[in-house]
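Q: Task: produce atomic coordinates for the following.
(chains A and B)
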2 protein chains.
Amino acid sequence: MPYRGYEDQNCSIARTLAIVGERWTLLVLREVLLGRRRFRDIQRQTGVAPNILSDRLETLVEHGVLKRRGQDYVPTRKGLDLQPVLLTLMAWGDRYVSPHGPPRVAIHTACGHDAQAHLVCSHCGEPIDSQVTEIRAGPGADAKRRPAARRRSPSGAG
Amino acid sequence: MPYRGYEDQNCSIARTLAIVGERWTLLVLREVLLGRRRFRDIQRQTGVAPNILSDRLETLVEHGVLKRRGQDYVPTRKGLDLQPVLLTLMAWGDRYVSPHGPPRVAIHTACGHDAQAHLVCSHCGEPIDSQVTEIRAGPGADAKRRPAARRRSPSGAG
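A: Numbers count the residues shown, from 1 in each chain, chains lettered A, B, ... in the order given. Predicted coordinates:
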């Protein structure tokens, strides 16, 4: 595992990055979610070296993010569920590092409009903003991390 | 730039990863957004080697994601705006790689409830799902990428 140390952390961010955080992996996933399924097409679009691409695809298949279907690499539900990660990376890049405007625009096919993905609270539906979010220890926290992660007493709400 | 090839891509995901996609960077950012501001504290929490931490912090300061305030590393607006990336990574990890339940829970302080961040369409407010999103070329697309990125004709809506 190249991300040694990551997967030992009791942290969902670290554990996710242990699977998708290696160099090129998220760009490979970008291509698959854009509909490119063949090794050669993914390789051409990303410019990644073939040996690295092989390794990244193998890791994604191993973790059930992609599956092989003949010569195609197809996203699983688990893989499709990584789209929010790509959309939030894209939104930040559109805002801060796209001097000529967004290179790509997401269309919400359900409503047919160009759409920026916004984060909202699953409880009240209002926008999530970094300044109105706190983090507390969850059910999977271990004793060692719990005090550091907790900033207010747990509400007990799930 | 260690992510050679990334920043040449006319893609907001690649450009964002050119800044935050290196190994450890997002975990360093996690610590800063959790409120840890000192080199030593960040180092202890992440377990990253000091020389790598120095490099990552320097890159984040250089790109205006963090700023120095005395001995502290403080997130800028640009840095706070990366929280959605961390929250979507966390949500995926909570769902797929947290056998004992989420190690951390986000609290939406505006409503006081434990909240999972959900992605919604900025136009209609309905949930964004990978199966109801398409991607088209945006204003910043270059001619070469435009046909590949476009899957339906642009609507002209902003």
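
Q: mind listing the helices for chain A?
A: Applying DSSP state H to chain A gives helices spanning A:12-20, A:25-33, A:39-46, A:50-62, A:77-80, A:83-96, A:146-149.

Q: how about a markdown table for those helices, with mean pLDDT and mean neighbour count added?
A: To be clear about C-beta, it is placed using only N, CA and C from the backbone, and glycine gets the same treatment. Formatted as a markdown table, the helices of chain A follow (pLDDT from 0 to 100; neighbours: other C-beta atoms under 10 Å in any protein chain shown):
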| stretch | mean pLDDT | mean neighbour count |
| --- | --- | --- |
| helix A:12-20 | 95 | 25 |
| helix A:25-33 | 95 | 23 |
| helix A:39-46 | 94 | 17 |
| helix A:50-62 | 97 | 16 |
| helix A:77-80 | 95 | 16 |
| helix A:83-96 | 93 | 24 |
| helix A:146-149 | 46 | 15 |
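
Q: Quick one: those helices as CSV, columns for distance to chain B too.
A: Listed next are those as CSV, based on distance: least, C-beta to the nearest C-beta, whole Å:
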stretch, distance to chain B
helix A:12-20, 3
helix A:25-33, 6
helix A:39-46, 7
helix A:50-62, 11
helix A:77-80, 4
helix A:83-96, 3
helix A:146-149, 5
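
Q: now those helices in TSV, with distance to B:Trp92?
A: Below are the helices of chain A laid out as TSV (distance: least, C-beta to C-beta, whole Å):
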stretch	distance to B:Trp92
helix A:12-20	5
helix A:25-33	12
helix A:39-46	21
helix A:50-62	13
helix A:77-80	8
helix A:83-96	6
helix A:146-149	19
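
Q: Can you pull up the most central residue in chain A?
A: A:Val85 (3.1 Å; C-alpha atoms, centre = their mean).

Q: hang on, the earlier thing: so for A:Ser122, which of the helices of chain A sits nearest?
A: A:Ser122 lies closest to helix A:83-96 among those, at 12.6 Å (C-beta to C-beta).

Q: Show me what that closest one is packed against.
A: For helix A:83-96, the packing partners by 3 or more C-beta pairs under 8 Å, 6 or more residues apart in numbering or on different chains; DSSP states H and E come out as helix A:25-33, strand A:104-108, strand A:117-121, helix B:12-20, helix B:83-96, strand B:117-121.

Q: got a list of contacts for that helix?
A: With C-beta atoms under 8 Å, 6 or more residues apart in numbering or on different chains as the test, helix A:83-96 has contacts from A:16, A:20, A:26, A:29-30, A:33, A:101-102, A:104, A:106, A:116-117, A:119, B:11-17, B:78, B:81-82, B:84-85, B:87-89, B:91-92, B:119, B:128, B:130, B:133, B:138.

Q: What lies in contact with stretch A:123-134?
A: For stretch A:123-134, contacts defined as C-beta under 8 Å, 6+ apart pick out A:118-121, A:151-152, B:33, B:75, B:80-81, B:83-84, B:87, B:106-111, B:113-115, B:117.

Q: Likewise for stretch A:35-46?
A: With C-beta under 8 Å, 6+ apart, stretch A:35-46 has contacts from A:24, A:27-28, A:30-32, A:48, A:50, A:53-54, A:57, A:71-74, B:148, B:151.

Q: rerun that using 6 Å as the cut-off
A: The contact list for stretch A:35-46, computed with C-beta atoms under 6 Å, 6 or more residues apart in numbering or on different chains, reads A:Leu27, A:Val28, A:Glu31, A:Pro50, A:Leu53, A:Asp72, A:Tyr73.

Q: Next up, the contacts around the first one.
A: With contacts defined as C-beta under 6 Å, 6+ apart, the neighbours of A:Leu27 are A:Thr46, B:Ala14.

Q: Check A:Arg77 too.
A: With the criterion set at C-beta under 6 Å, 6+ apart, A:Arg77 makes contact with nothing.

Q: Then A:Ile19?
A: By C-beta under 6 Å, 6+ apart, the contact set of A:Ile19 is A:His63.

Q: A:Val28 and A:Asp55 touch, don't they?
A: No. Counting by C-beta atoms under 6 Å, A:Val28 stays clear of A:Asp55, with 10.1 Å between them.

Q: quick one: the residue nearest to the centre of chain A from A:Leu29, how far?
A: According to C-beta to C-beta, to the nearest Å, A:Val85 and A:Leu29 sit 8 Å apart.

Q: again with A:Thr76
A: A:Thr76 is 12 Å from A:Leu29, by C-beta to C-beta.

Q: same question, A:Gln45
A: Remark: distance between A:Gln45 and A:Leu29 (C-beta to C-beta) = 12 Å.

Q: How about A:Arg40?
A: A:Arg40 sits 17 Å away from A:Leu29, going by C-beta to C-beta.

Q: do the same with A:Gly138
A: 26 Å.

Q: Likewise for A:Gly140?
A: Applying C-beta to C-beta, the value for A:Gly140 to A:Leu29 is 25 Å.
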